[in-house]
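1. any chance you can model this:
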Amino acid sequence: IALLALLLISFCCVNYYLRIKYQYWKKRGIPHPKPTLFFGNITEAIFLRKPFSKVCLEICKKFENIPFIGFYVFWTPTIIVQDPELIKTVMIKNFSHFQDHFLEIEPEVDPILAMNPLCLKRDAWKRNRLILTPQFTVAKLKSLIPVVQKVGDDLVAYIRKQVDSSNSICFNAKDLSTRFTGENVFMTGYGLEGKSFEEKFPTTVQIGEDISSGNKLAQIKQTIGLFFPRLRRIFKSSFLGQPVPESFRYLILSAIQYRKANNVVRKDFLDYVYNLKSSGNGASEKEILGHAYMLYLDGCETTSILLTHMLYELAKNPLEQEKCRREVKSVLEKCNGNLTYESLINLEYVGAAIFESLRIHPSVSLMMRYCTEDCELQFTNQDNKQTNTKIEKGTIIAVPTEVIHNNPQYYPDPDVFNPNRFLTETSNVLYLGFGGGPRSCLGQNYTFFITKIFMVAVLSKFSVRISKNSVPYQPELIHLLNVPKNGIRIDLTEIKDN
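-> From the prediction side, this is the model:
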């Protein structure tokens, strides 16, 4: 009886404490959904009924056109900002107060992922950004074009071979995209052949499966890694699910060892990050592996998600596909089939289609930051009055990319795939496909460059249609990445005049 009484008193105390915590936004007059005891407003995410990003997007729909919405991650006050001026304040003007990403991982859980720019804080992030910037210059990208175009040719040969051997023109768009982006990262970044078009399940694809796997165990690990710091230390779970596989560590260290033993110099990304160690910049083995994994995560996985969605949209919109194809063929004719940086720049309509695809299907639906210093945000409330609200250190800030991108106030007919809207300049505050402010995607130009060459390879040889074997589009239950469930099935029909 005494134990039961103690438990009852403890429950009542916790209940009272949380009810006080859940008064936080009400006291400040901020609109917010009613929280659930213990879980706040993320119950459905915790029990894997919906991705965390989807939970936040539904809150936005409930409080449509309200610039500043409060909610709770467990009992931590969290803000959703869906007003362009507030977004500019958070991501640019007051960047010093919101410079840390929400994503965290302890070195003892995953020492490689802990070195990723997504997880680094303040000075460590700045140092990392400064170190890696020279690898994404225009001059560097120009030097990669012959290799990437060769990978594009290998992709075309792979598609033809698969059609001949299986007597089917149906392909999984995500699988094709990952083979292409993975091979490019291996070839241009690590100086390795990924054998993406030779093996049924190559290493380049295996690593990506670990990142975007939708199986139940991976979903549980992602949830633990994202929301339960103490449990993630016990179960070695990250926000991606599994820690970076040991096979990746072996792959990179073996490549470095081979280069050292044989005096091989490639002047690629792997050479660059390894030489940081010998040049006195103090790069440790873990940092080298962290830099290498960053290239895979951004250059392969998120880029392959973009390519998958772009194939999907072009397959659904044959008129837009044909416009892209005409531009591709025109550019190829002018450069005699040998792509240059300048010829890629001239693919303006294809570039607009890339922007439009990322608008409809941002690879990351929700960007999240921590408030690192107390500050005030000014916004216009429901009564059309200017209001100042104090944001305390430790508050989580969420910017719903997908909501901004699908708001008809900024993008008329948002459900329509219309690349023309990006042929005129659009404010980068309203377009967040590559993030925004100082922490925007460092590899944006690399992604554009890779995507354009992929589209040149595919559209110059094949027409793309949604396969009759395809299932209705549905996102995978992954908390952070916007990955289509079960892939997207497309038919690739070779164009006769080739």
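2. hey, which helix or strand in this structure has the poorest pLDDT?
-> When the helices and strands of the chain are scored by mean pLDDT, DSSP states H and E, helix 2-21 comes last with a mean of 72.
3. after that helix, which helix or strand is next?
-> On the C-terminal side of helix 2-21, the nearest following helix or strand under DSSP states H and E is helix 24-27.
4. in that following helix, what counts as buried?
-> Residues of helix 24-27 classed as buried by neighbour count (16 or more other CB atoms under 10 Å): 24-25. C-beta coordinates here come from the backbone N, C-alpha and C atoms, glycine included.
5. please work out the average pLDDT along that helix.
-> Averaging pLDDT along helix 24-27 yields 90.
6. my read is that Glu348 contacts Leu423, right?
-> Yes: between Glu348 and Leu423 a contact is recorded at 6.9 Å, counting by CB atoms under 8 Å.
7. so which strand or helix has Cys56?
-> Here Cys56 is assigned to helix 52-62, by DSSP H and E.
8. and the strands in the chain, which stretches?
-> 68-73, 76-81, 100-101, 170-172, 367-370, 375-380, 386-391, 396-399, 462-466, 489-494 (DSSP state E).
9. re earlier: what helices or strands is the helix holding Cys56 leaning on?
-> Secondary-structure packing of helix 52-62 (3 or more CB pairs under 8 Å, 6 or more residues apart in numbering; DSSP states H and E): helix 43-46, strand 68-73, strand 76-81, helix 401-405.
10. quote the end-to-end distance of stretch 96-113.
-> Start-to-end span of stretch 96-113 (CA to CA, to the nearest Å) is 24 Å.
11. actually stretch 391-402, sorry about that
-> Length of stretch 391-402, first residue to last, CA to CA: 24 Å.
12. buried residues in it, which are they?
-> Neighbour count says stretch 391-402 has 391, 395-402 buried, by 16+ other CB under 10 Å.
13. for stretch 324-341, same thing?
-> Result for stretch 324-341 [16+ other CB under 10 Å]: buried residues 324-325, 327-328, 331-332, 339.
14. for Arg127, state which of these is nearest.
-> Closest approach to Arg127 among the buried residues of stretch 324-341 (CB to CB): Leu339, at 34.7 Å.
15. so how far is Phe71 from the closest one?
-> Separation of Leu339 from Phe71 (CB to CB, to the nearest Å) stands at 47 Å.
16. same deal with Lys461?
-> Taking CB to CB, one finds Lys461 at 48 Å from Phe71.
17. neighbour-wise, which of the two wins?
-> Regarding Lys461 and Phe71, a neighbour count based on other CB atoms under 10 Å identifies Phe71 as having more, with 25 against 20.
18. pLDDT weak spots in the stretch 301-450 of the chain?
-> For the stretch 301-450 of the chain, the stretches with pLDDT under 70 are 380-384, 425-429.
19. if you set the cut-off to 90 instead, what comes out?
-> Low-confidence segments of the stretch 301-450 of the chain (pLDDT under 90): 301-302, 363-366, 368, 375-390, 402-404, 406-410, 423-443.
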